[in-house]
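Engineer: need the 3D shape of this:
(one chain, ligands or ions: 1)
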Amino acid sequence: MLLQGPRERVAAAARALAAEGLVVGTAGNVSERAGARVAITPTGAELRDLTAELVTVVDLAGAHVGGELAATSELDLHLGVYERYGAGAVIHTHAPMATALSCVLDELPCIHYQMLLLGGPVRVAPYRTFGSPELAQVTIEALDERMAALMANHGAIAYAHDMDTAVKQTLLLEWACTLYHRAAAVGTPRVLDEQARQAVVAAAIERNYGTTQAVDR
Ligand SMILES: [Zn+2]
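Structural biologist: I've put the predicted structure just below:
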């Protein structure tokens, strides 16, 4: 099967995100790039049941290369992220908390240091019609120097160099949105300022944060 590995990872990520409740029914789309080709979820497919054979393959210009089904309506958005940011995998969801906050906020403030993995404060791209070149354009701009963005009154997007990391970023974004929602329910969340954020980056580099480390013997 053409692009078997990427198609299997796209299908597995779609099923995993459905199991987490971050994609519901046919809403949301997942892609992985392999050289000049992209494996991407088809339009209208139930993501919780997605299999590799149902995943579509296109080239970087969006021309159909493999699979029986037409690509997601947000194809331009995915291709634009690959072109501008050299991503390896892209995930767009209508995850419940991210989508709720996208209806209210202009930016998700950086209230927890783990959000630095997403690039700090998360921008909310202005509302545009789904599947339109305009939506792709404003969303791609909102990702500048970020790994994730919210899309006003629509949902969320995250990308990474590989699919595993893109799934983790998607889960982290939903966690951060849930955290903000809970904190804002009891008061005004404190925001980590630029100085605090830089100190986190320095500490993470010094301690090799996020990796397991053997004890000194
Ligand atoms: Zn959408």
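
Engineer: could you list every helix and strand that whatever helix or strand residue 8 lives in packs against?
Structural biologist: Element membership for residue 8 (DSSP states H and E) is helix 4-19. Counting contacts by 3 or more Cβ pairs under 8 Å, 6 or more residues apart in numbering; DSSP states H and E, helix 4-19 packs against strand 29-34, strand 37-40, strand 89-93, helix 163-186. Glycine gets a C-beta too; all of them are placed from N, C-alpha and C.

Engineer: who's in contact with it?
Structural biologist: Residues outside helix 4-19 that contact it (Cβ atoms under 8 Å, 6 or more residues apart in numbering) are 1, 23-24, 28, 30-34, 37, 39-41, 47-55, 57, 67, 89, 91, 93, 163, 166-167, 170.

Engineer: please pick the buried ones from those residues.
Structural biologist: Buried subset of the contacts of helix 4-19 (neighbour count, 16 or more other Cβ atoms under 10 Å): 23-24, 28, 30-33, 37, 39-41, 47, 50, 52, 54-55, 57, 67, 89, 91, 93, 163, 166-167, 170.

Engineer: against residue 57, how distant is residue 6?
Structural biologist: Plainly put, residue 6 is 8 Å away from residue 57 if you go by Cβ to Cβ, to the nearest Å.

Engineer: in this protein, which residue is most central in space?
Structural biologist: Closest residue to the average C-alpha location of the chain: residue 158 at 1.8 Å, with Cα atoms, centre = their mean.

Engineer: just the element for that residue, please.
Structural biologist: strand 155-160.

Engineer: adjacent strands (with direction) for that strand?
Structural biologist: Here strand 155-160 is paired, per DSSP bridges, with strand 89-93 (antiparallel), strand 148-151 (antiparallel).

Engineer: I'd like the ones you listed as TSV, with mean pLDDT and distance to residue 118 appended.
Structural biologist: Shown next, in TSV, are those (pLDDT from 0 to 100; distance: least, Cβ to Cβ, whole Å):
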stretch	mean pLDDT	distance to residue 118
strand 89-93	97	13
strand 148-151	98	4
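
Engineer: what would these look like in a markdown table with distance to residue 61?
Structural biologist: Converted to a markdown table, the strands paired with strand 155-160 look like this (distance: least, Cβ to Cβ, whole Å):
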| stretch | distance to residue 61 |
| --- | --- |
| strand 89-93 | 16 |
| strand 148-151 | 23 |
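
Engineer: chain center to the lowest-mean-pLDDT helix or strand in the chain: distance?
Structural biologist: The weakest-scoring helix or strand in the chain, judged by mean pLDDT, DSSP states H and E, is helix 194-207 (a mean of 88). Here helix 194-207 is found 24 Å from its chain centre; the criterion is Cα atoms, centre = their mean, to the nearest Å.

Engineer: and if you look at stretch 86-96?
Structural biologist: With Cα atoms, centre = their mean, you get 3 Å for stretch 86-96.

Engineer: give me the distance between the two termini of it.
Structural biologist: 28 Å (Cα to Cα, to the nearest Å).

Engineer: which residues does it contact?
Structural biologist: In contact with stretch 86-96 (Cβ under 8 Å, 6+ apart) are residues 9, 13, 17, 21-24, 27-33, 74, 77-78, 81-82, 151, 154-163, 165-167, 169-170, 173-174, 177.

Engineer: next: stretch 181-190.
Structural biologist: 97, 100, 101, 109, 111, 180.

Engineer: can I get the helices and strands packed on helix 4-19 in TSV with distance to residue 125?
Structural biologist: TSV is the format used below for the helices and strands packed on helix 4-19 (distance: least, Cβ to Cβ, whole Å):
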stretch	distance to residue 125
strand 29-34	16
strand 37-40	20
strand 89-93	11
helix 163-186	14
